[in-house]
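Q: I would like to see how this sequence folds:
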Amino acid sequence: MAGSSSTPGKPESSQFLFRFPAQAVYSFESFIETPPSSFALSAARDLIDNPEAPFQSLFIFGRRGAGKTHLLMAMGNEASNNGQDTLYISCKEWVEKLNSAAPEQGLEWASEVSRHQLLLMDDVDTLAGAPQAQEILYQVYNTIRENGDRLVLTSQVAPGQFQETESYLTSRFQWGLTAEIGPLDEKSQASVLAKLGRDRGLELTERVLHFLVQRLPRDYPSLKNAIEKINIESLRQKKKVSLPLIKSVLDF
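A: So this is what the prediction gives:
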């Protein structure tokens, strides 16, 4: 689960290729660990910090707003700080670029991105229905593996659930380690809300947390947005957080 000090989402760059270091708010420390995300976080740390990690590629999947991009960027920052040549690619924007590019341009991109020690590819499920991008990624994947470098992919769906994607590519997705960032349960949601509140100096009682858990969607952007609104109103009124204040702010 993405940490409270940043807004989950894509890096603040219009480019589909993004080099590190990125914003410092993307870190392992600011990533809020919950039971549904603990395995993905552990795998991410191991791939970056352990030269003897038994896997060369990592596939992270989970619903939108789960914190996948935050974790991806945290890996990039950590690797960059360790002196590793790292590159981030937004697959959605990459596909758009490829659709308007000449075939030879795609080959040049494949050669360029394959040179990095760590390649981070976000939203690979957006390659569905894009055969040129799939073929290029297949080439990139094979080159990275042959070079002994590392690759991390994120997606909203598991490798076996891809639509309109060549089987030779999805089989590659399953070669390494697969980690899911699962949906929040009530306890995890309450932990995230409490952490978001503490980071802003808000005291959220058990009663308040229970009230919010029963009414808010279980995704990080929604939780962060709600806490931001509560914090602003609490500061404006110079009052502690209470149910009446929350109801007025969130229209419950």
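Q: Okay, strands next: where are they in the stretch 101-250 of the chain?
A: In chain order, the stretch 101-250 of the chain shows strands spanning 118-122, 150-155, 177-180, with DSSP state E, counting those that start in this stretch as the criterion.
Q: Columns distance to residue 211, mean neighbour count and mean pLDDT on top of those, output as TSV?
A: From N, CA and C alone the C-beta is placed, and that goes for glycine too. What follows is the strands of the stretch 101-250 of the chain, written out as TSV (distance: least, Cβ to Cβ, whole Å; neighbours: other Cβ atoms under 10 Å; pLDDT from 0 to 100):
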stretch	distance to residue 211	mean neighbour count	mean pLDDT
strand 118-122	34	24	94
strand 150-155	33	25	96
strand 177-180	29	20	97
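Q: I'd like those written out as CSV, with distance to residue 246 added.
A: CSV is the format used below for the strands of the stretch 101-250 of the chain (distance: least, Cβ to Cβ, whole Å):
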stretch, distance to residue 246
strand 118-122, 34
strand 150-155, 33
strand 177-180, 32
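Q: for these, which one sits closest to residue 208?
A: Between residue 208 and the strands of the stretch 101-250 of the chain, the shortest separation by Cβ to Cβ is 29.9 Å, and it involves strand 177-180.
Q: name the helices or strands packed onto the closest one?
A: Using 3 or more Cβ pairs under 8 Å, 6 or more residues apart in numbering; DSSP states H and E as the contact test, the elements touching strand 177-180 are helix 38-49, strand 57-61.
Q: The shortest one to strand 118-122, inter-axis angle?
A: In other words, strand 57-61. Here strand 57-61 runs at an angle of 20 degrees relative to strand 118-122 (axes from the mean of the first three to the mean of the last three Cα atoms, to 10 degrees).
Q: What helices and strands are in contact with the helix or strand immediately after strand 57-61 in the chain?
A: Note on strand 57-61: by DSSP states H and E, the next helix or strand toward the C-terminus is helix 68-81. Helices and strands touching helix 68-81, as assessed by 3+ Cβ pairs under 8 Å, 6+ apart, comprise helix 38-49, strand 57-61, strand 86-90, strand 118-122, strand 150-155.
Q: Which residues does the second one contact?
A: Judged by Cβ atoms under 8 Å, 6 or more residues apart in numbering, the contacts made with strand 57-61 from elsewhere in the structure are 40, 43-44, 47, 68, 71-72, 141, 144-145, 150-159, 173-181.
Q: cool, and the last one?
A: For strand 150-155, contacts defined as Cβ under 8 Å, 6+ apart pick out 44, 47, 56-61, 68-69, 71-72, 75, 117-125, 140-141, 144-145, 162, 173, 176.
Q: run the last query once more with 7 Å
A: Around strand 150-155, the neighbours that count as contacts under Cβ atoms under 7 Å, 6 or more residues apart in numbering are 47, 56-61, 68-69, 72, 75, 117-125, 141, 144, 173.
Q: could you flag which of these are buried?
A: When burial is judged by neighbour count using 16 or more other Cβ atoms under 10 Å, the buried members of the contacts of strand 150-155 are 47, 57-61, 68-69, 72, 75, 117-125, 141, 144, 173.
Q: Neighbours of residue 33, how many?
A: The burial metric for residue 33, expressed as a neighbour count using other Cβ atoms under 10 Å, is 18.
Q: quick one: it is in a helix?
A: No. When DSSP: H, G, I helix; E, B strand; the rest coil is applied, residue 33 is found to be coil, with no helix at that position.
Q: Skip the chain neighbours and tell me the closest residue to it.
A: Among residues not flanking residue 33 along the chain, residue 41 sits closest, at 5.4 Å (Cβ to Cβ, 6 or more residues apart in numbering).
Q: Same check on residue 71?
A: residue 44 (5.5 Å).
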